[in-house]
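Undergrad: Structure for the following, please:
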Amino acid sequence: MTRAKPNFGGHYQPHVPGELGRYAECDAKASMTQAAWARSYGIDAFCHFCEWTGATPTPEIELNKIRHLAGVFPYCVCWENATPDRDFGAAQPRSHAPPQYSAAQASVFFRALLPLLADAHYVRVNGRPLVIVTVPELLDELAPVLASWRDDCRRSGAGDPYLVGVSGVRGTLPGFDATLELPPLGFPPESVLGAATAVDPAFRGEVLSYRSLAAQLLGRARPGYKLFRTAMPGWDTTPVAGPRGGVTFVGSCPEVFGYWVERIAHEAIVRFAGEERLIFIRSWNEWDVGCHLEPDARYGRQYPAALRSAVEQADLGAPRRPAWPPAAYSNPGRAAVAPTRLVRSPVTQPMHAQGPTVSVVMPAYNHERFVTRALDSVLAQSYAGSVEIIVVDDGSRDATAELLDDYARRCSTHPLTVLHQANAGAHEAINHGLTLARGEWVALINSDDLYAARRLDNCLNAAAQRKAAFAFSGTSFVNDAGEAIGNDDRYVAQLRDEIARGFRAPDPVYALIRSNIAISSGNFVFKRGLLEATGGFSALRVCHDWDFILAASYHTPLAVVDEPLYIYRVHGANTFAARGLSTRLEIEQLLSRFFEDICRHPILREPLNRKRFLGHLRDCGLESFLPARDFS
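TA: Numbering: from 1, shown residues only. Alright, predicted model coming up:
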């Protein structure tokens, strides 16, 4: 809208149409051009809003206009049964909204819609015509109304309609086949008005964070009902609200929009099958509220290109764990992360002693304050067997590398190898260190954490008692100064509660599907041979440890030691709370991967255990992760 003006610094207005130009709403030729252009970017159908609020006897004029404009491009209808909110573009659902439409009026609408439902180009889901309602609460006698709609549709020959109701953040809608998310309705996003520099002193509108809205909607727990997700490229109602009002979402760009689309598309692929793998984009051409995929003068085709790319990438899922041993490290000449330097202690071979040899692997990065104390705690182990130590310096930029080299040169009791590589992330450092391990067992430790003196002894004993190839212990939490953290720290108190519940569970897997009660890869002790079954650590930034322990549970029981034998240092950089959206998305990925083959998990082998575990999933709200093909 060319009359729109920027109201604050960085305010993107006006939105000027790009290569498709301006056109009249009723221009059928323009609609054909739009359809062809949309199809080229992976859009399968248009959903047309029918704004009928009962002011006219029937909605036939509005519906006929939709049918005329749709032409041969697939389409469906959404009944906008309330006057759109000027700021949010749709009537916001209310938990106790008074009915506005009688059963007779609802019947009038649906019977006028029936000729469109019989159209060969109308969208069908598993053979059923798709009909959407924006505010179901406004329909009086909702259950009888929906039943009558289904009867009318069957009698017309169009079949049983696939009915979808729009929801803000509520639960499932009774009588509907599915629920539709329709941003910007949803969780209240972060206000960034305080950071906006006004251009127009009269501006009194709201300035909200686009990224915050996307993060909150993507961070929703998967519901147990069918929820179709929606992404939007932007939102700005100041052109229709005037300079003194309106709602503007700032921070949108093709990259963030593409990320949003990729995540909702991946969820649709994981959760649904066939024609129910639906996602929605709002909108194609809501120019008056700055919400459009059509090209504009600023971004051109970047938003539709981001949509197409995101859908193509959505099926890739979580990064795969590398087959073992990783090809990059098994052939040093072709290493993806080549070592720049190796330093070894004077002792190069484990001494012969009682018990299996344990290789302790430590990834290290910028921990000059803690790394020598971490190594001291390994050397102080009471374990009577042989222990070798492998430290991978992952491109530290502080004094960590020099401290490690000096420690290795002075170590006269254990074989200790320090390997220096370019920075590649914790998962790569662990994988690289594991390729050098020679012990029957492997124990990991973070370079800022500590072992209790009897850690290796007790973990190996617990593994032997349970005939397990994997063990971990309880955790104690300390601050940077090494002082114990009490339960007045809410984050640590929550972790302690989760660990305690997990250790009381029938199996650690009951707790591990909710949180990583092992806390860190540094708490892992496992047989090196297990890597052939699980593969190495995947390229997840935050949750590579959680992903690995869930994978291990497919191949071995998990032995737990209910003693705080791993001493975990809590500081801002290593808490889940500091990672935000990236953590939530990685959790979605790792749980999707864990559950995709759950039917072969040992925890489901016994009928009684199967029933108990599936009930636990329902109680945790995780039932939606179960593959539909196996649990439908």
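
Undergrad: Give me the number of neighbouring residues for A518.
TA: A518 has 27 neighbours, counted by other CB atoms under 10 Å. For glycine as for every other residue, the C-beta is placed from the backbone atoms N, C-alpha and C.

Undergrad: On the pLDDT front, check the closest residue to it other than its chain neighbours for me.
TA: Sequence neighbours aside, F472 is the residue nearest to A518 in space, at 4.3 Å (criterion: CB to CB, 6 or more residues apart in numbering). At F472, the model reports a pLDDT of 98.

Undergrad: ok but F472 is inside a strand, no?
TA: Yes. Assessed with DSSP: H, G, I helix; E, B strand; the rest coil, F472 lies in a strand.

Undergrad: so who does it touch?
TA: Contact analysis of F472 by CB atoms under 8 Å, 6 or more residues apart in numbering lists 459, 518, 523-525, 549, 558-561, 566.

Undergrad: Could you give the bridge partners of it?
TA: On the basis of DSSP bridges, F472 is bridged to V560.

Undergrad: circling back: quick one: which of the contacts of F472 is nearest to L114?
TA: L114 lies nearest to I549 out of the contacts of F472, by CB to CB, at 54.7 Å.

Undergrad: What residues of stretch 37-57 count as buried?
TA: 37-38, 41, 43, 45-50, 52-54 (16 or more other CB atoms under 10 Å).

Undergrad: Now intersect the residues you listed with the strands, please.
TA: Here DSSP state E is the test, and the buried residues of stretch 37-57 give 46-50 as lying in strands.

Undergrad: rewinding a little: which one of the buried residues of stretch 37-57 is nearest E388?
TA: Closest approach to E388 among the buried residues of stretch 37-57 (CB to CB): Y41, at 55.5 Å.

Undergrad: OK, contacts around the closest one?
TA: With the criterion set at CB under 8 Å, 6+ apart, Y41 makes contact with 293, 301, 304-305, 307-308.

Undergrad: Mind doing that once more with 6 Å?
TA: The contact partners of Y41, taken as CB atoms under 6 Å, 6 or more residues apart in numbering, are 304, 308.

Undergrad: Next: V378.
TA: V378 neighbours (CB under 6 Å, 6+ apart): 360, 389, 451.

Undergrad: With F526 instead?
TA: Residues near F526 by CB under 6 Å, 6+ apart: 442, 469-470.

Undergrad: Over to it. Which of the three states is it?
TA: Secondary structure of F526, reduced to three states by three-state DSSP: strand.

Undergrad: quick one: R341 is in a strand?
TA: Yes. According to three-state DSSP, R341 belongs to a strand.

Undergrad: Offset the numbering so it begins at 326, please.
TA: All right, first residue 326 from here; so that's R666.

Undergrad: how does the chain divide up, domain by domain?
TA: Following automatic domain parsing, the chain resolves into domains at 353-641, 652-896.

Undergrad: would you list the ones you listed in JSON lines and tack on distance to L916?
TA: Output for the domains of the chain, formatted as JSON lines (distance: least, CB to CB, whole Å):
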{"stretch": "domain 353-641", "distance to L916": "9"}
{"stretch": "domain 652-896", "distance to L916": "7"}
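
Undergrad: need the least confident one among the ones you listed, by mean pLDDT.
TA: Ranked by mean pLDDT, the domains of the chain end with domain 353-641 at the bottom, a mean of 88.

Undergrad: Show the residue spans covered by the strands in the stretch 726-875 of the chain.
TA: Per DSSP state E, counting those that start in this stretch, the stretch 726-875 of the chain carries strands over the ranges 741-746, 766-769, 775-776, 795-803, 850-852.

Undergrad: so which of the domains of the chain comes closest to N332?
TA: Minimum separation from N332 across the domains of the chain (CB to CB) falls at domain 353-641, 4.2 Å.

Undergrad: Next, the angle from whatever helix or strand S356 lives in to strand 371-376.
TA: Using DSSP states H and E, S356 falls within helix 353-365. Orientation of helix 353-365 against strand 371-376 (axes from the mean of the first three to the mean of the last three CA atoms, to 10 degrees) gives an angle of 130 degrees.

Undergrad: Give me the contact list for helix 353-365.
TA: 348, 394, 396, 398.

Undergrad: What sits closest to the second one if chain neighbours are left out?
TA: Beyond its immediate neighbours in the sequence, the residue positioned closest to L394 (CB to CB, 6+ apart) is S356, lying 4.6 Å away.

Undergrad: Compute the distance between that neighbour and D444, please.
TA: S356 sits 15 Å away from D444 when distances are taken as CB to CB, to the nearest Å.

Undergrad: The two: which has the busier surroundings?
TA: Comparing S356 with D444 by other CB under 10 Å, the one with more neighbours is S356, at 18 against 15.

Undergrad: any idea which helix or strand comes after the longest helix belonging to the chain?
TA: Assignment by DSSP state H gives helix 579-596 as the longest helix of the chain. Moving toward the C-terminus from helix 579-596, the next helix or strand (DSSP H and E) is strand 605-606.
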